[in-house]
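Asker: I would like to see how this sequence folds:
(4 chains)
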Protein chains: 2
Amino acid sequence: MVTIADVAQKAGVSISTVSYVMSGKRAISQETRDRVEKAIDSLGFSPHAGARSLASRSTNVIGLQAPLRTGVDVHVVMQVVTGVVTQARKHGYDILLIASDDSKALLRAAKGSMVDALLVMDVESDDPRIETLSGLDHPSVLIGLPEGRRAVPCVDFDFEAAGWLAVDRLVALGHRRLALIGSPPEVMARHTAYADRLARGFLAACEANGVHGTVHACPSSAESIATVDAVMMEDPGITGFFVHNEGALPHVATTIAQRGRQRGDEPAILALCPDDVARSVPGLADSIAVPAEAIGAAATDMICEILASGAKPAVRLLPPALTGAAPAAR
Amino acid sequence: MVTIADVAQKAGVSISTVSYVMSGKRAISQETRDRVEKAIDSLGFSPHAGARSLASRSTNVIGLQAPLRTGVDVHVVMQVVTGVVTQARKHGYDILLIASDDSKALLRAAKGSMVDALLVMDVESDDPRIETLSGLDHPSVLIGLPEGRRAVPCVDFDFEAAGWLAVDRLVALGHRRLALIGSPPEVMARHTAYADRLARGFLAACEANGVHGTVHACPSSAESIATVDAVMMEDPGITGFFVHNEGALPHVATTIAQRGRQRGDEPAILALCPDDVARSVPGLADSIAVPAEAIGAAATDMICEILASGAKPAVRLLPPALTGAAPAAR
DNA sequence: CTGAAAGCGCTAACAG
DNA sequence: CTGTTAGCGCTTTCAG
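Answerer: A predicted model of the protein is given here:
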């Protein structure tokens, strides 16, 4: 292994000079800088991360607790993670993946000085990890927006506003009875924050618009078909559908279109999902995009800012927007 | 921050004793062990990862290079990653996520002593990273099976055998003209190792069985419908379909069934995908499971074994098996 | 503008 | 069975 001492020797300078060349924390004459840099890459030197973190008391690693179980919207999770990792590298940070979804795993990473900060996904409305996080001296950011006291900064998509936007859109298209086909029952039951907020926005907007609206949990498998059938049977007047369930989307879209054809009306389907997912479903007129990668990037920016400048905790919600989905083939 | 010295003082022992209590690397009397352990958790001590890695020259971290872009089979990637992370924790390792898919990112992690070993996913048949890896003094395992010299140990699903199994099954069901509806064109073009091997096994098995077989790239979006239509138009005699494309699966299954109904025969669809994905598609009779999580776990076991005992590089392929998919709802 | 040297917190000889 | 101590490779005062 090549160490900073090797570099110093080769460049004919002291160890500290090499260190300062790398960190830029003090002025170095162009001449020595050149010599040191040449030595560094002729030797292929890269500083030992552990030694660095021991001496500097910072790791340049961010811990990311991501829900890797299937059942959640896989594409969304992937894209958020991608956003996080990509943006983190831009800020000079690496990502330690934390898979178990409990407080203990967070504590382990923080107290073992494995990370400088924590990013936590898949937050529930009343999440026990929030207390853990606020007791830590590592900064953290939630990807999600829980209820209650804002002890920890949050970044998320504005699901509540998305509910409003969807209703406004469906109403503008002339629909007066709407249904939100939402997350799987497990997700609803856990009161995952986004599901709660979406439903709240949707229902409030229905009321404000004076239209009828109902919210339905929906399995993300093929069983979703039965759910939609049941909804359409029970209230045949429903013609406006707002679907927030990635796994069910293709089945649901097909079913709704088919049933609509059978009874001779033209139901509208508005989906809430990443753009590329929407594009892959045939027959979707338009959708509201979940900017998953942007969410990950924004959360990362926030935590890096806190790390860099001790910025104040805050809440940041990315606004929803309608997207005309490209016409699916055929 | 609480250090090992604090623990030693509180327990009335030397710091090396504390260290040895934690590592178990030398005999400790029950009495002192108890005292030390009590001190450790009354103080809430956890050793500083960086200090540890500096002194011990090992990080207890494994770098995982995963393809986070969408387009690959998202569920499969997720499950492999889950398998890796979960199994790694069992062996006492954490996972550093490496998102950029080049050699440079691998070098950075290895040469910066951020990881003890590397796990690399999404391997191409002739992958430049292999040379990088074999030049490193960190051990590594590929999740995937490239062609050629086996310079680096590999773990993968036996896609070639899966090709054979699928053909045998479809032939046993009485089909004589088969089509493999495979990965998206980009994946095929890149010669992603698994796509190549699956096609090879499929075609060889067709020949051995004396049946007709063709291989088709297929977009994973709704455009897949057009692909299937084209295949069925061109050769109306094809009744056996083997589908290896998670994104396209629901559309393809629907289309094939529908076209079959139109022309009055009963095409068979055999899917190659994770079990839960198969179960979520209505009308799939049976499938071959891609044991994604097991692959991740197996790769992790292998790298940990190499790390622990300097075991020899090897190739390990998980065998395919038919699964009767649970009857989808409705 | 540059060097010398004191740690950072831990592991692993070495010495009893 | 336990303690002492010399580093591990780097950052950062302190001193020129």
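Asker: which ones are touching A:Met78?
Answerer: A:Ala292, B:Leu68, B:Thr70, B:Val74, B:Val77, B:Met78 (Cβ atoms under 8 Å, 6 or more residues apart in numbering or on different chains). In short, each C-beta sits where N, CA and C put it, glycine included.
Asker: dump the C-alpha coordinates for the host helix or strand of the fifth one into CSV.
Answerer: Assignment of secondary structure by DSSP states H and E places B:Val77 within helix B:74-90. Once side chains and other backbone atoms are set aside, the C-alpha atoms of helix B:74-90 remain, and they are given as CSV (Å, rounded to 0.1, in the frame of the first residue of the first chain):
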residue,chain,number,x,y,z
VAL,B,74,-35.9,-3.9,-11.3
HIS,B,75,-37.4,-6.6,-9.1
VAL,B,76,-34.5,-8.9,-9.8
VAL,B,77,-31.9,-6.2,-8.9
MET,B,78,-33.7,-5.3,-5.8
GLN,B,79,-33.9,-8.8,-4.6
VAL,B,80,-30.3,-9.6,-5.3
VAL,B,81,-29.3,-6.5,-3.4
THR,B,82,-31.5,-7.5,-0.6
GLY,B,83,-30.0,-10.9,-0.5
VAL,B,84,-26.5,-9.4,-0.5
VAL,B,85,-27.2,-6.9,2.3
THR,B,86,-29.0,-9.3,4.5
GLN,B,87,-26.5,-12.1,4.2
ALA,B,88,-23.6,-9.6,4.6
ARG,B,89,-25.0,-8.5,8.0
LYS,B,90,-25.1,-12.1,9.1
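Asker: that one to helix A:74-90, inter-axis angle?
Answerer: 60 degrees (axes from the mean of the first three to the mean of the last three Cα atoms, to 10 degrees).
Asker: so A:Val120 touches A:Leu142, yeah?
Answerer: Yes. Between A:Val120 and A:Leu142 a contact is recorded at 5.3 Å, counting by Cβ atoms under 8 Å.
Asker: which residues do these two both contact?
Answerer: A:Leu133.
Asker: helices of chain A, residue ranges please.
Answerer: Here chain A has its helices, by DSSP state H, at A:4-11, A:15-23, A:30-43, A:49-56, A:74-90, A:103-111, A:129-134, A:159-172, A:185-189, A:193-209, A:224-234, A:249-263, A:275-279, A:292-309.
Asker: what is the burial count for A:Met121?
Answerer: 23 (other Cβ atoms under 10 Å in any protein chain shown).
Asker: for it, give the beta-bridge partners.
Answerer: A:Ile143 (DSSP bridges).
Asker: returning to that earlier point: and the helices of chain A: which comes nearest B:Arg33?
Answerer: Taking Cβ to Cβ, helix A:103-111 is the member of the helices of chain A nearest to B:Arg33, at 21.7 Å.
Asker: quick one: is that closest one near DNA strand C?
Answerer: No. Using Cβ under 7 Å from any atom of the strand, helix A:103-111 stays clear of DNA strand C, coming no nearer than 9.9 Å.
Asker: okay, that helix in CSV with CA atoms only?
Answerer: C-alpha atoms of helix A:103-111 as CSV (Å, rounded to 0.1, in the frame of the first residue of the first chain):
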residue,chain,number,x,y,z
SER,A,103,-33.7,2.2,14.8
LYS,A,104,-30.9,-0.2,15.9
ALA,A,105,-29.4,-0.3,12.5
LEU,A,106,-29.3,3.5,12.4
LEU,A,107,-27.7,3.6,15.8
ARG,A,108,-25.1,1.1,14.8
ALA,A,109,-24.0,3.2,11.8
ALA,A,110,-24.0,6.4,13.7
LYS,A,111,-22.4,5.4,16.9
